[in-house]
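Student: give me the fold of what follows.
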Amino acid sequence: MEAMMACLVDGPKSEEVQNLFMNTGALAASYIVGFAGIVSLLGILFMTMVVAPNATQRLSGALRDRNVLSFFAGIPVAGFFGLMTAIFHKSQVLVAANLLAFSVILILAFAAAAEDIGRRLYWACGKEGSRASHLASGWLVFAFGACFPVLGWFVILPYVSLSGLGSVVVGSLPARRTAAPVADVEFPEK
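Tutor: Next up is the predicted model:
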């Protein structure tokens, strides 16, 4: 605002004032679009709980139980879709189908990751919470954390995205079997 007033006081520099006004409007519009995107994706993630509740719970459980394995399993998944895009780059229909499949899997992955983040957040606060509250709080923490430049773009966003994509693979694998607990055996005293 001070820059606008300085331009007006110093003389008729209407082009500078107009450029400053347009840049400020573009910045405000990008914030509004970003906020609307975060809120609408939250709605889409809630729809995954309605449409595929067992899948999101299975993926979230896989992410919670085997998060390191999920991260490393997500790297080949992202590489597969990148390779398919590179192979089919001349056919717009195949690239669109590949993008659609990747988007569906990524939405399931984000739902699982958001639910896991929310569950851990509630656990850290010493509270219980429902699946919907876990999903909403986890998505908001993830989405706003991913908005920060260096840390969010290059650490939080890739880690959560790859872990979520890997949970799709790890969640489809059969669960690990644990050994049955050994009953306590009492020996008679001699």
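
Student: same for the lengthiest helix in the chain, what does it pack against?
Tutor: Counting residues, the longest helix found in the chain (DSSP state H) is helix 14-51. Applying 3 or more CB pairs under 8 Å, 6 or more residues apart in numbering; DSSP states H and E, one finds that helix 14-51 makes contact with helix 2-10, helix 53-65, helix 92-125, helix 131-146. C-beta here means a position set from N, CA and C on the backbone, and glycine is covered the same way.

Student: now those in CSV, with mean pLDDT, mean neighbour count and distance to residue 39?
Tutor: As requested, the helices and strands packed on helix 14-51 are exported to CSV (pLDDT from 0 to 100; neighbours: other CB atoms under 10 Å; distance: least, CB to CB, whole Å):
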stretch, mean pLDDT, mean neighbour count, distance to residue 39
helix 2-10, 60, 11, 31
helix 53-65, 89, 19, 19
helix 92-125, 92, 18, 13
helix 131-146, 89, 19, 9
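
Student: which one, of those, ends up nearest to residue 47?
Tutor: helix 92-125 (8.7 Å; CB to CB).

Student: quick one: the longest helix of the chain to chain centroid distance?
Tutor: In terms of CA atoms, centre = their mean, to the nearest Å, the centre of helix 14-51 is found 18 Å from the chain centre.

Student: what residues sit buried inside it?
Tutor: 17, 38, 41-42, 45-46, 48-49 (16 or more other CB atoms under 10 Å).

Student: next, format the helices and strands packed on helix 14-51 as TSV and append distance to residue 163.
Tutor: Converted to TSV, the helices and strands packed on helix 14-51 look like this (distance: least, CB to CB, whole Å):
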stretch	distance to residue 163
helix 2-10	43
helix 53-65	6
helix 92-125	6
helix 131-146	11
